[in-house]
Structures are given as C-alpha cells and as structure tokens.
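>>> everything below, folded, please.
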Amino acid sequence: DHTDCRVIRVTVTRPAPDVVRIAVVDKCRTLPVPRTAGSDDERGRGLAVVEECAWRWGADRLPWGKRVWGELRCGIDG
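Now for the predicted structure:
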C-alpha cells in the first residue's frame, strides 16, 4: 500500500547513464516513515524492500503531494 489516494502516478526515468529511477507520486503530503514489521504483520515492509533493492531512495514533498523514489544502478556495456 502506497497511499489512500485513489490516483497515483508511476514514473521511470534515467537521471544518469547508469541510473534508473522509479518513482510513485500521489496527492498525499504525508511522507513515508520506515518501520520494522513484525513476523505476523501484513503491512509495513514496503520501504524495507525498497531500501534493500535500491542503490538509494528518498521522498520529496511537492506543492500538491509527494514523490517516493528509488534508484537502481545499471551496468554500462562498452
């Protein structure tokens, strides 16, 4: 679960030749807070997964909501 908002936008960009950024944007201004989920919890693992998979991640407040993003480093051939 990313948000209670009904509409989200997912973007995939390439801010550098060796970086892919995946971001989720919504109209809720509340920034996410990492937490430790218990073994029986059905929620609360999303940011832990992002942190484990991403080279780096973050959240930005926007004038009308927020953007949560993670960046993956890619190998460059050549």
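
>>> what stretches of this protein score poorly on pLDDT?
1-2, 76-78 (pLDDT under 70).

>>> let's go with 90 and repeat that
Across the chain, the ranges flagged by pLDDT under 90 are 1-7, 29-30, 32-50, 74-78.

>>> is the most centrally placed residue in it bridged to anything, and to what?
Centroid-nearest residue in the chain, with CA atoms, centre = their mean: Trp69, separated by 3.5 Å. In this entry, Trp69 is beta-bridged to Ala23, Gly58, by DSSP bridges.

>>> in contact with it, which residues?
Arg21, Ile22, Ala23, Val24, Trp57, Gly58, Ala59, Asp60 (CB atoms under 8 Å, 6 or more residues apart in numbering). C-betas here are computed from N, CA, C, even on glycine.

>>> now do 10 Å
11, 13, 15, 21-25, 50, 54, 56-60 (CB atoms under 10 Å, 6 or more residues apart in numbering).

>>> over to Thr13?
Thr13 touches Val19, Val20, Arg21, Ile22, Ala23, Trp69, Glu71, counting by CB under 10 Å, 6+ apart.

>>> just to revisit the earlier point, gap between the residue nearest to the centre of the chain and Gly38?
Look at Trp69 and Gly38: by CB to CB, to the nearest Å, they are 27 Å apart.

>>> can you check Val68 too?
Counting by CB to CB, the gap from Val68 to Gly38 is 23 Å.

>>> quick one: which of these two has more around it?
The neighbour comparison of Val68 against Gly38 (other CB atoms under 10 Å) goes to Val68, with 21 against 8.

>>> go ahead and confirm that one touches Gly58.
Yes. Taking contacts as CB atoms under 10 Å, Val68 lies within contact range of Gly58: 7.7 Å.

>>> which residues are common contacts for those two?
Counting by CB under 10 Å, 6+ apart, the residues touching both Val68 and Gly58 are Ala23, Leu31, Pro32, Val50.

>>> look at the second one and say how many residues are nearby.
Put plainly, it is Leu31. Neighbour count for Leu31, taken as other CB under 10 Å: 12.
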